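Engineer: Sharing a model that was predicted from the sequence below.
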Amino acid sequence: MTTRRKRPGQLTRLETVSAYATLAIVLIFALFPIFWGLSTSLKMPLDIHRVPPTWLPPTVTLQNYATAVFDARFLGYLTNTIFVVFTSLILSTTLALHAAWATVRFNFTGREGLLLLMWATIMIPGIAVIVPLYTVSVDIGIHDTLWVLIIVYSAWLVPTLVWLLRGFIAAIPAELEEAARIDGCSRIGAFWRVSVPLLKPGLLAAGVLVFVMVWNEFLIGYSLTLSDGNRMIQVGIYYFMTETGVEYGPLMAAALAAIVPIVVLYALLQRAFVQGLTGGAVKG
């Protein structure tokens with residue numbers, strides 16, 4: 001009677017069961033808040049406050065979605081968020097792309113120190129600079145505008161994007177740009193015509209990163225805007241918590257509607273996003 005040897009990397013039956021059980025527990029832990037939010041968004045007000053709570057809505061209603069999502073205020077928050085996200089995406093990616101290229105292609109005095117200083121800003125918590133940002137925005141007259149959010153978000157994301165894109169640029173041989181310069185291109189023209197088209201995976205990863213971080217940000221948007229017409233979607237959701245109580249049904253409906261674009265985007269681009277992040281980390 002022969003015994004079958006385990007191949008390298010092959011799991012035993014117990015290890016396989018343990019792995020699936022662990023993944024199932026983690027999945028339940030991650031999806032439970034979404035399930036509870038969905039259940040709450042479909043309940044009547046009396047069912048939401050019922051004790052003991054019910055897992056499934058006894059009576060399904062879409063009134064919470066009609067109140068929260070299909071409303072002019074929510075659509076205004078959505079429009080503001082889309083404008084801020086895409087403008088910040090263009091501005092921060094453009095600045096980071098050129099900064100990353102300069103740190104890779106040019107060996108200038110103080111380069112390593114500047115990179116270290118830039119990366120150190122990533123470690124600063126956002127709440128530590130909220131008061132200075134508020135003061136400066138008021139002094140220069142851009143407080144409670146969408147442009148202050150665009151400027152702050154772009155400055156916040158540039159160091160991370162420089163770190164991300166620098167690895168991709170370093171992986172492109174400088175000889176390609178030099179050949180383009182021999183053919184008559186300027187230095188910056190060679191970069192845009194030769195290197196930038198080869199950076200699509202990194203630029204895609206950077207775009208998804210900016211989209212997710214700006215779309216989900218709350219503290220800066222809450223602190224630097226006051227008027228209802230300039231609120232972003234995450235800040236707008238907060239105002240379902242009123243002085244008379246929390247409107248749980250509309251709150252959950254708006255929260256679920258706000259995460260749909262993120263889920264769809266990541267589902268479509270998850271492979272490119274993961275490849276972009278790991279590729280930039282390895283190549284850098």
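Structural biologist: Here it is on my side, so go on. Residues are numbered from 1 along each chain as shown.

Engineer: what's the helix or strand for the residue most central in space within the chain?
Structural biologist: Residue closest to the average C-alpha location in the chain (Cα atoms, centre = their mean): residue 212, at 1.7 Å. For residue 212, the host element (DSSP states H and E) is helix 200-216.

Engineer: Check which residues of that helix are buried.
Structural biologist: 201-203, 205-215 (16 or more other Cβ atoms under 10 Å). Glycine gets a C-beta too; all of them are placed from N, C-alpha and C.

Engineer: re the thing from before, just the pLDDT for the nearest residue in space to the residue nearest to the centre of the chain that is not next to it in sequence.
Structural biologist: Once flanking residues are discounted, residue 212 sits nearest to residue 262: 6.0 Å by Cβ to Cβ, 6 or more residues apart in numbering. Looking at residue 262, its pLDDT reads 83.

Engineer: and if you look at residue 128?
Structural biologist: 85.

Engineer: Near it, how many other residues are there?
Structural biologist: 8 (other Cβ atoms under 10 Å).

Engineer: Does residue 230 touch residue 79 like I think?
Structural biologist: No. Counting by Cβ atoms under 8 Å, residue 230 does not reach residue 79; the two are 11.0 Å apart.

Engineer: Which one's more surrounded, the two?
Structural biologist: Between residue 230 and residue 79, residue 230 has the larger neighbour count (other Cβ under 10 Å), namely 21 against 12.

Engineer: Next, the contact list for the more buried one, please.
Structural biologist: Contacts for residue 230 (Cβ atoms under 8 Å, 6 or more residues apart in numbering) come out as 80, 144, 145, 146.

Engineer: could I get those as JSON lines with neighbour count?
Structural biologist: Putting the contacts of residue 230 into JSON lines (neighbours: other Cβ atoms under 10 Å) gives the following:
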{"residue": "80", "neighbour count": "21"}
{"residue": "144", "neighbour count": "16"}
{"residue": "145", "neighbour count": "15"}
{"residue": "146", "neighbour count": "20"}
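
Engineer: hang on, the earlier thing: which secondary structure elements does whichever helix or strand comes after the helix holding residue 212 contact?
Structural biologist: Next in sequence after helix 200-216, counting helices and strands by DSSP H and E, comes helix 219-224. Judged by 3 or more Cβ pairs under 8 Å, 6 or more residues apart in numbering; DSSP states H and E, the packing partners of helix 219-224 are helix 130-139, helix 146-170, helix 233-238.

Engineer: worst average pLDDT in those?
Structural biologist: Across the helices and strands packed on helix 219-224, the lowest-scoring stretch is helix 233-238, with a mean of 88.

Engineer: Give the pairing partners of the next helix or strand along the chain from that one; include direction for each.
Structural biologist: Going down the chain from helix 233-238, the next helix or strand is strand 241-242, by DSSP H and E. With DSSP bridges as the test, strand 241-242 is paired with strand 245-246 (antiparallel).

Engineer: hmm, who's touching the strand it pairs with?
Structural biologist: Identification of contacts with strand 245-246 by Cβ under 8 Å, 6+ apart yields residue 240.

Engineer: Distance from the chain centre to that strand, please.
Structural biologist: Relative to the chain's own centre, strand 245-246 is displaced by 29 Å; criterion: Cα atoms, centre = their mean, to the nearest Å.

Engineer: burial count for residue 166?
Structural biologist: Residues near residue 166, counting by other Cβ under 10 Å: 23.

Engineer: Quick check: the gap between the nearest residue to it once chain neighbours are set aside and residue 116.
Structural biologist: In space, and not counting its chain neighbours, residue 166 is closest to residue 100: 4.3 Å by Cβ to Cβ, 6+ apart. Distance check for residue 100 against residue 116: by Cβ to Cβ, to the nearest Å, it reads 15 Å.

Engineer: Can you pick out the residue with more neighbours from the two?
Structural biologist: Between residue 100 and residue 116, residue 100 has the larger neighbour count (other Cβ under 10 Å), namely 27 against 9.

Engineer: That one against residue 169, yeah?
Structural biologist: Yes. Contact criterion Cβ under 8 Å: residue 100 and residue 169 qualify, at 5.5 Å.

Engineer: okay, and the common contacts of those two?
Structural biologist: Common neighbours of residue 100 and residue 169 (Cβ under 8 Å, 6+ apart) do not exist.

Engineer: Where does pLDDT dip in the stretch 1-150 of the chain?
Structural biologist: Within the stretch 1-150 of the chain, the ranges that satisfy pLDDT under 70 run 1-11.
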